[in-house]
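S.K.: build me a model from this:
(chains A and B)
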Number of protein chains: 2
Amino acid sequence: MTDTWLNKVNWTHDGLVPVIAQDKDNGAVLMVAWMNREALKRTVEGGEAVYWSRSRKKLWHKGEESGHVQKVHEVRLDCDEDVILLKVEQIGGIACHTGRHNCFYQKLEGQEWVSIEPVLKDPAEIYRVAQAVVSHQDEK
Amino acid sequence: MTDTWLNKVNWTHDGLVPVIAQDKDNGAVLMVAWMNREALKRTVEGGEAVYWSRSRKKLWHKGEESGHVQKVHEVRLDCDEDVILLKVEQIGGIACHTGRHNCFYQKLEGQEWVSIEPVLKDPAEIYRVAQAVVSHQDEK
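M.R.: This is a model prediction of the structure:
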């Protein structure tokens, strides 16, 4: 099986492409992250979103710690072939590390940015659970 | 009136921010483009999307030629403050220069990218109208 479909993407000079994750059910734009070739290949093969973390400089299987994985239902490419759109099922209903449904919770009202989306789960709790899982795995 | 709200945005080292335009009515992700401070300021003040064209290196009032302007209903910022989401009314129902409703018309099916959205208006026709308007303006 060749991966010629990956060549269709106009990768940046760093070998990345920006990716929008959209909730397939309610249409909300959940988040924007980045992928390299390997991340996109794994995403398509595994059916769950795998990004490239620019800060940690490694592949990042979204939800691997929090459990909030993204099941991929559609992969789209734009006319310039330099942005990807994923339509996903957001497990747990939380895409943002702040514990909100999505990352776009700051709305401009006049001259002010106002947080208008509720925190569904305390990030400390998300991390506590994640940490417990990691600790448990470490013990094995 | 100060513009301190513009300082909240984490601009790239080139002074830009990626912007997602989403159809406020059907939730479709229409396109991704870029803004600088001036573009975002004009967008908010004028109520229609103004982008920064990286290829032409100038402000680009979306729809100024085609008539397919975007009326801005909401401006959102993500948790990292480095991506903006606009909820817009897409005048003419066409956001893409290919004459389609939106730019994300290529869908990955197996190992193939397949165009799945119809061309609503021949781009040549969009340009012909635009050219006629420009020519008319030139005559003034």
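S.K.: identify the residues contacting A:Asn26.
M.R.: Residues near A:Asn26 by Cβ atoms under 8 Å, 6 or more residues apart in numbering or on different chains: B:Gly27. C-beta coordinates here come from the backbone N, C-alpha and C atoms, glycine included.
S.K.: 10 Å instead, please
M.R.: Applying Cβ atoms under 10 Å, 6 or more residues apart in numbering or on different chains to A:Asn26 gives the contacts A:90, A:93, A:101-102, B:27.
S.K.: look at it and report its pLDDT.
M.R.: pLDDT, A:Asn26: 95.
S.K.: and it, which of the three is it?
M.R.: For A:Asn26, the secondary-structure state derived from DSSP: H, G, I helix; E, B strand; the rest coil is coil.
S.K.: for the residue in chain A that chain B sits nearest to, grab phi and psi.
M.R.: Across chain A, the shortest distance to chain B (Cβ to the nearest Cβ) belongs to A:Gly27, at 2.8 Å. Dihedral angles of A:Gly27 (phi, psi; degrees, to the nearest 10) stand at phi 80, psi 0.
S.K.: run a quick neighbour tally on the closest residue to it other than its chain neighbours.
M.R.: Here the nearest residue to A:Gly27 in space, its sequence neighbours aside, is B:Gly27; by Cβ to Cβ, 6 or more residues apart in numbering or on different chains that works out to 2.8 Å. Residues lying near B:Gly27 (other Cβ atoms under 10 Å in any protein chain shown) number 14.
S.K.: so which residues of chain A form helices?
M.R.: A:37-46, A:123-139 (DSSP state H).
S.K.: my guess is A:Asp78 meets B:Glu117, correct?
M.R.: No - the criterion here is Cβ atoms under 10 Å, and A:Asp78 misses it with B:Glu117 at 11.2 Å.
S.K.: tell me how many other residues surround the nearest residue to A:Glu125 once chain neighbours are set aside.
M.R.: Nearest in space to A:Glu125, with sequence neighbours left out and distances taken as Cβ to Cβ, 6+ apart, is A:Gly99 at 8.0 Å. Counted with other Cβ under 10 Å, the neighbours of A:Gly99 add up to 19.
S.K.: now A:Gly99: how far from A:His68?
M.R.: 10 Å (Cβ to Cβ, to the nearest Å).
S.K.: overlap of the contact sets of these two?
M.R.: Residues within reach of A:Gly99 and of A:His68 at once, by Cβ under 10 Å, 6+ apart, are A:121, A:126.
S.K.: and for A:Gly92, the neighbour number?
M.R.: 15.
S.K.: oh sorry, the question was meant for A:Trp34
M.R.: 18.
S.K.: do A:Val9 as well
M.R.: By other Cβ under 10 Å, neighbour count at A:Val9 equals 18.
S.K.: and the closest residue to it other than its chain neighbours, what does it touch?
M.R.: Take A:Val9 and drop its neighbours on the chain: the residue closest to it by Cβ to Cβ, 6+ apart is A:Val17, 5.4 Å away. For A:Val17, the contact set (Cβ under 10 Å, 6+ apart) comprises A:6, A:9-11, A:34-37, A:39-40, A:52, A:77, A:81-84.
S.K.: repeat for A:Trp52
M.R.: Contacts of A:Trp52 (Cβ under 10 Å, 6+ apart): A:14-17, A:19, A:33-40, A:58-60.
S.K.: swap in 8 Å and give it another go.
M.R.: A:Trp52 sits next to A:16, A:33-36, A:38-39, A:58-60 when contact means Cβ under 8 Å, 6+ apart.
S.K.: check A:Val44 too.
M.R.: Applying Cβ under 8 Å, 6+ apart, the residues near A:Val44 are A:72, A:75, B:108.
S.K.: can you list the residues you listed in TSV and add pLDDT, neighbour count and distance to B:Glu64?
M.R.: Output for the contacts of A:Val44, formatted as TSV (pLDDT from 0 to 100; neighbours: other Cβ atoms under 10 Å in any protein chain shown; distance: Cβ to Cβ, whole Å):
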residue	pLDDT	neighbour count	distance to B:Glu64
A:Val72	98	20	36
A:Val75	98	22	32
B:Leu108	98	18	33
